[in-house]
Every structure is written in C-alpha cells, then in structure tokens.
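In: turn this into a model:
(2 chains)
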Protein chains: 2
Amino acid sequence: MKIAVIGAGAVGGYYGALLVKSGYDVHFLFHSDFEHVRQHGLIVDSVNGDIAVSTVNAYARPQDMPPCDIGIIALKTTSNEALREILPHALQPDATIVVLQNGLGVEKQVQEILPDATIIGGLCFLCANKIGPGHVKHLDYGAIRMGQFLKDGTAAGITDSMKEVYEVFTRASVPIDLAGDLGRARWEKLVWNIPFNGLSVILNADTSDLIHSEAAQALLREVMLEVIAGARCFGHDIVDDFADIMISATKQMVAYKPSMKLDYEGKRPMEIDAIYRRPVQATADAGYTMEKTRIIMMQLDYLNHKR
Amino acid sequence: MKIAVIGAGAVGGYYGALLVKSGYDVHFLFHSDFEHVRQHGLIVDSVNGDIAVSTVNAYARPQDMPPCDIGIIALKTTSNEALREILPHALQPDATIVVLQNGLGVEKQVQEILPDATIIGGLCFLCANKIGPGHVKHLDYGAIRMGQFLKDGTAAGITDSMKEVYEVFTRASVPIDLAGDLGRARWEKLVWNIPFNGLSVILNADTSDLIHSEAAQALLREVMLEVIAGARCFGHDIVDDFADIMISATKQMVAYKPSMKLDYEGKRPMEIDAIYRRPVQATADAGYTMEKTRIIMMQLDYLNHKR
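Out: As a prediction, this is how the structure comes out:
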C-alpha cells in the first residue's frame, strides 16, 4: 500500500513523518522544499518527541510519483487549482483520499477530479508550524476528525473506507475521531475557524491575546453564535453552548497563531474562499445572512488585496 | 467679547489661530503645550497660507482664564471629564458654547455643567493634524456645520445665537453651514465617521487606501447604509444615496488619516464611546441593532484595551 502526501507544509510534513515512522510507504510531493528535503530529509520537532526522516521519497513533479492507494491532501486550499494536474498522476483512480483542508467545498473539488475515488474529509486539530524547509514544529494536539464525503451531500455514517483510514492513522499514533456527518463536523470546525483565523489577522493577535481580552472574547462568542446559526440552515443542530466549549478549550491551548495569521505574516494568500466566502454564500443561498462573518471576510479581502 | 478655546490640538489650534488673526480676543487653555506656546507662539501651516501667532493668551489652568462670552470646546471627547472643572472658570454662566467634537451626546455633557449656557454643536470638515507642540498642519477643507442643541433633543431651527456665532466665524474666513436639526447633522457626520475612523485603525489604512480598494469600498458602503438606517430610528430621513455621495467626496479628498487613526498611532485613547458606543446604544434603545458598527466597535475595544 502506497500513501501519497500532496503538499508537505506543517500538516503534510507532520502526519507524513508519523506515517513513515510507523513503517508505511509514503511518497511526498514537495513544491519549494524538494531539493532541501532530498538532501537533508524531513524534520519534525514535536512535543511528543522529535522525528527525523533522513531518506524521504520526495518528488518535485507529480508525473514522477507512483500511483498511490491512499492520498493525503495537505495543500492550502488557495493552491487547489494545482490538484487537477497532480491527482491523476499521484493517485489510483479508485484511491481513498483524505482531504486535510480547512473550510467548505474542498471535497467536492477533489471528487470532480477523480470521480471514482473515495473522498474523506479530515479536520486537523493540530498546532504546528513550518519553521523552515522540510522542518515542522509541532506545538500541541494532533487529532484528526474524519467523515466521508458523499456526492449528494448527505451524511455517510461510519463506512468501511473510514475504518481503513482509521487503522492506518491509528498505527501511526494519530488520534482519530470518526464523524458520521462530515457536513456537521466541518461546520463545527468553522465555529472556531471563522472567528479565530480572521480576527487574529485583522487584530494582529494570537489565540491567547484574543481569548484573554474581554472585548475580543465577546466578539469571538458573537461570531461563533452566528456560525452556529449558519450551521442550522443545513440541519446541523449545534447547541449555542458549543461556543463556550470552544472558548474554554482555546483558553487551555498554548498561545497559537492560526494558520491564516501565519499565511498573512508569510505574505501567502489567505484561505478566505474556503473558510469565509463559501460558508457565507451557502447560508445566503439558504436565506440567512452571516453579517458578522461577512464583515470579517470583507476586512480580510481588503488585507489580502492590499499586498 | 472674549473667546475661550478649550483644548488646542489640531481643531482648536486651527480655528483659534484664524480667530486671533481676524482680531478677536482669544484665550487658549493648553495642556501639555502650554510652556512651548508661551515661548514660541502658535503656528498653523495651512494650504490657505501659513499663520503664526507670536503672542498667545495661553493658560495652563482654567482658574487663570477670564470668564469668556464664547467658548469653543475642541478637546477630544475622551477628555470630557475635565470639562466639569474647566468650564465654570473659563466661561460666563450664560456663555454661548460651540462644541467642536465628534460623535453623539457631547452637547448634553456640556449643558449639564452649564445649564444656562447656549450650546451649539459643530461638526468640523477639516483635514488638519497637530505635528508638534503648538504646531498644526492644515491639509484640506475647514468648514464647520453648526446646529443648536435643545435640552429636549428637538430641532432648534436657525436661532439668533447660531447667527451670532456664524458672524464670528465668517469674519475669521471659516466657511459655516447652519443646520436647523443638529441631531440629523450629527448622524450625517456619523455616516462618514463610523466607517472611516474605525476601519482606518483596524485595517491600518488611510482614506485613500480604503476608498480605492474594491473590498474596502464595499464594506464602507455597507456600514454607511447601516448608519443611515440607524439615523432613521430618530426620524432623520437620510437617503441611501448619501452613502455614495460620501464615497465620491472622499475620493476627491487628499489621502488622510482620520483622527481616530492618529490617536491610535499616537497611543492616545480612541473616541470609541462618542463615535460608536453611544450611537449603538441609542439605536439599540430604539429597537435597531447596528450589527456591522458593533463588530467594528468591539474590534476597536480590543485594540484600545490591548495597550
């Protein structure tokens, strides 16, 4: 069984290294880090013990990859245009693909490229940053919540494909939760992602700055409640208390810069479409206006375009 | 006739210098700039011709001032607590007081201190910055729109006191508009102040950055339309086209940092209460939620408290 890791930044590098360490045959598609990793390998400084992969099956071009049975997509959604070129080379047509990306609509993009593949959406609860070429720093957490994508958008329940992927990651010591309803799981993640990603960029703050400010915490909670109301448009009955649970959980996290904040600081494009525009559009189509989320989105659009 | 200028930053310095130049007997209450102005005078670098007032009637303490007939309040609203101490010294009990301040609720504060005074609210359309002690740079514009405050909050029409103040400022070459309805005039000013002041701080931008960005212009317009809807709660029927007029007018202005942006950069408190909290509270009391304005307010609260 061959596993392809497409995009080896913090997410791909971290999980890919764990899979290699557990004996899997993992093939990494790199972009700018290819030469460095081929020479120096892949390094993860982890709170759970450091990992060094000295010999990496590294590729710069998808044509050079063997067609793999399992794919892990860990690109930023802002690079998803590249998947149309990459996936038919890197994966078997009937591969099982785990999409470790933020926001809404990402599984659909992948399914359109490989119609016969099994698509599983994965939500990473991972505090990790890429701190250099082929070099990941893992700060906290690491679990993945997974659910299978169905073309008609309905809840898949717990499928055999999910169980297979569960076994693979569990052998690599990655804590996995299986969610019977991927749509609901994605919306629950948005309850955190929408307030924290955007406000950390706009207010130049990390999670600790925000969560320990009375004014920012009130704002975070209001945005969370709006996202919860948005989720209800699609039948995901998330209780309002979920906002307080997220706030409490964040208080217990180490101070952390959300991925969008890191992208902004690194002058990379921000994942505004996946995390903001698609949820805003989907709820608008369902007759609900996410006013607060829209304001944050428009502020991010300004900052994104200004560069 | 004696005129007191309370607070001589950009606004007080600019208008005060024009009044001195026109021969009026003007008495300035300074705070930190007192010593500098007493020694070096007051300087205005103006697009209309520079003004240097070498001998200024400058005071550091209100007790030293002669009780004046006309008062011009040009403090930031964040210093309004000081008025309780200042006004009974600096002004006759039946003085006419022109409150050149931003936001809502400022005339009421002044009226409570001097119940027999005539209070006129003035909205400055002035691009001027204080660039050093006793040193103002005037970039553009300079008109004041005035309306009389009545204790019951109703429209005063054009009163004799307004006409007297009109004569004074007109002799000093300050373009004056008289507004029969101060409440409406204040809300019209908020249509500009609420989006531009807050977003310039939050997005680290000047008026030109914002107005020439498609994303920011869309956001500015939405916030303006919300403020216009807020004004309607109080019977001020401002047409939606007013938003486009404000946007066009701002496009023709020189690139400018709104006063709140300058306060934030100067590490001074921001006028969040007058420009945001009072309008938000007043409309909430009238049953309307200014959602977008609230988001901006909460973001500003965070930035204000972070320091």
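In: now do the phi/psi pair for the closest residue to chain B within the stretch 51-200 of chain A.
Out: Nearest residue of the stretch 51-200 of chain A to chain B (Cβ to the nearest Cβ) works out as A:L199 at 7.6 Å. Every C-beta, even on glycine, is put in place using the N, C-alpha and C of the backbone. In terms of degrees, to the nearest 10, the main-chain angles of A:L199 are phi -70, psi -30.
In: contacts only, for the nearest residue to it once chain neighbours are set aside.
Out: Leaving aside its chain neighbours, A:L199 sits nearest to A:L210 (6.0 Å; criterion: Cβ to Cβ, 6 or more residues apart in numbering or on different chains). Applying Cβ atoms under 8 Å, 6 or more residues apart in numbering or on different chains, we find A:L210 in contact with A:196, A:199-200, A:203, A:216-217, A:220, B:302.
In: any buried residues in whichever strand or helix holds A:L210, and which?
Out: Secondary structure assignment for A:L210, by DSSP states H and E: helix A:207-211. For helix A:207-211, the neighbour count (16 or more other Cβ atoms under 10 Å in any protein chain shown) marks A:207, A:209-211 as buried.
In: reformat these as TSV; add pLDDT.
Out: Below are those laid out as TSV (pLDDT from 0 to 100):
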residue	pLDDT
A:T207	95
A:D209	97
A:L210	97
A:I211	96
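In: now, which of these sits nearest B:R184?
Out: Nearest to B:R184 among the buried residues of helix A:207-211: A:L210, at 37.9 Å, using Cβ to Cβ.
In: and chain A, what are its domains?
Out: Split into domains by automatic domain parsing, chain A comes to A:2-180, A:183-306.
In: using a markdown table, lay out the ones you listed together with distance to B:G49.
Out: Formatted as a markdown table, those follow (distance: least, Cβ to Cβ, whole Å):
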| stretch | distance to B:G49 |
| --- | --- |
| domain A:2-180 | 53 |
| domain A:183-306 | 36 |
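In: one step back: look up how far A:Q217 lies from the residue nearest to A:L199.
Out: A:L210 sits 7 Å away from A:Q217, going by Cβ to Cβ, to the nearest Å.
In: could I get the full set of strands for the stretch 101-250 of chain A?
Out: Using DSSP state E, counting those that start in this stretch, the strands found in the stretch 101-250 of chain A span residues A:118-132, A:135-148, A:176-178.
In: got the CA positions of the longest one in PDB?
Out: Pointing back at strand A:118-132 there. C-alpha atoms of strand A:118-132 as PDB (Å, rounded to 0.1, in the frame of the first residue of the first chain):
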ATOM      1  CA  THR A 118     -13.500   7.700  -2.100                       C
ATOM      2  CA  ILE A 119     -13.200  11.100  -0.500                       C
ATOM      3  CA  ILE A 120     -12.800  11.500   3.200                       C
ATOM      4  CA  GLY A 121     -12.700  15.000   4.700                       C
ATOM      5  CA  GLY A 122     -10.400  15.400   7.700                       C
ATOM      6  CA  LEU A 123     -10.300  18.200  10.200                       C
ATOM      7  CA  CYS A 124      -7.000  18.600  11.900                       C
ATOM      8  CA  PHE A 125      -6.800  19.800  15.500                       C
ATOM      9  CA  LEU A 126      -3.100  20.400  15.200                       C
ATOM     10  CA  CYS A 127      -0.900  23.300  16.400                       C
ATOM     11  CA  ALA A 128       2.100  23.000  14.100                       C
ATOM     12  CA  ASN A 129       4.000  25.500  12.000                       C
ATOM     13  CA  LYS A 130       6.500  25.100   9.200                       C
ATOM     14  CA  ILE A 131       9.600  26.800  10.500                       C
ATOM     15  CA  GLY A 132      12.000  26.100   7.600                       C
END
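In: tell me which residues of it come out buried.
Out: Within strand A:118-132, the residues that count as buried by 16+ other Cβ under 10 Å are A:118-130.
In: so which pair among these is furthest apart in space?
Out: Among the buried residues of strand A:118-132, A:T118 and A:N129 lie farthest apart (Cβ to Cβ), at 30.5 Å.
In: A:D50 - how many residues pack around it?
Out: Other residues within reach of A:D50, judged by other Cβ atoms under 10 Å in any protein chain shown, total 12.
In: for it, what are its contacts?
Out: Neighbouring residues of A:D50 by Cβ under 8 Å, 6+ apart: A:43-44.
In: phi, psi for it please.
Out: Per degrees, to the nearest 10, the backbone of A:D50 is at phi -70, psi 150.
In: from A:K21, how far out is it?
Out: Counting by Cβ to Cβ, the separation of A:D50 from A:K21 is 11 Å.
In: quick check: neighbours shared by these two?
Out: Counting by Cβ under 8 Å, 6+ apart, no residue touches both A:D50 and A:K21.
In: which residue ranges of chain A form helices?
Out: For chain A, the helices defined by DSSP state H cover A:10-21, A:34-40, A:83-90, A:106-113, A:160-171, A:182-202, A:207-211, A:214-232, A:241-252, A:259-265, A:272, A:278-285, A:291-306.
In: quick check: pLDDT value at A:Q252.
Out: Per-residue pLDDT puts A:Q252 at 87.
In: and it, how many neighbours?
Out: 8.
In: try A:D160
Out: Neighbour count of A:D160, defined by other Cβ under 10 Å: 9.
In: and A:G9, by the same measure?
Out: As a burial measure, A:G9 scores 20 neighbours (other Cβ under 10 Å).
In: state the distance from it to A:T207.
Out: 19 Å.
In: chain B contacts on the stretch 51-200 of chain A?
Out: A:L199 (Cβ under 8 Å from any Cβ of the partner chain).
In: what number of residues lie near A:S259?
Out: There are 26 residues near A:S259, going by other Cβ under 10 Å.
In: relative to chain B, how far out is it?
Out: Distance of A:S259 to chain B, given as Cβ to the nearest Cβ, to the nearest Å: 21 Å.
In: from the stretch 151-300 of chain A, which residue is nearest to chain B?
Out: Closest point on the stretch 151-300 of chain A to chain B, by Cβ to the nearest Cβ, is A:A215, at 3.5 Å.
In: can you count the residues close to that residue?
Out: 20.
In: my guess is A:H89 contacts A:M65. True?
Out: Yes. In terms of Cβ atoms under 8 Å, A:H89 counts as a neighbour of A:M65; the distance is 5.9 Å.
In: compare these two (neighbour count), which wins?
Out: Per other Cβ under 10 Å, whichever of A:H89 and A:M65 has more neighbours is A:M65, with 20 against 17.
In: isn't that one up against A:H27?
Out: Yes. Counting by Cβ under 8 Å, A:H27 is a contact partner of A:M65 at 5.4 Å.
In: just how off-centre is stretch A:58-65 within its chain?
Out: Averaging C-alpha positions (Cα atoms, centre = their mean, to the nearest Å) puts stretch A:58-65 22 Å from its chain's average.
In: buried residues, that stretch. List them.
Out: Buried, per 16+ other Cβ under 10 Å, within stretch A:58-65: A:58-60, A:62, A:65.
In: most widely separated two among those?
Out: A:A58 and A:P62 (12.5 Å).
In: just the CA trace of stretch A:221-228, in CSV.
Out: The C-alpha trace of stretch A:221-228 is given here as CSV (Å, rounded to 0.1, in the frame of the first residue of the first chain):
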residue,chain,number,x,y,z
ARG,A,221,-18.5,34.5,21.1
GLU,A,222,-20.9,36.5,18.9
VAL,A,223,-19.3,35.3,15.7
MET,A,224,-19.4,31.7,17.0
LEU,A,225,-23.1,32.0,17.7
GLU,A,226,-23.6,33.4,14.2
VAL,A,227,-21.7,30.4,12.6
ILE,A,228,-23.8,28.0,14.8
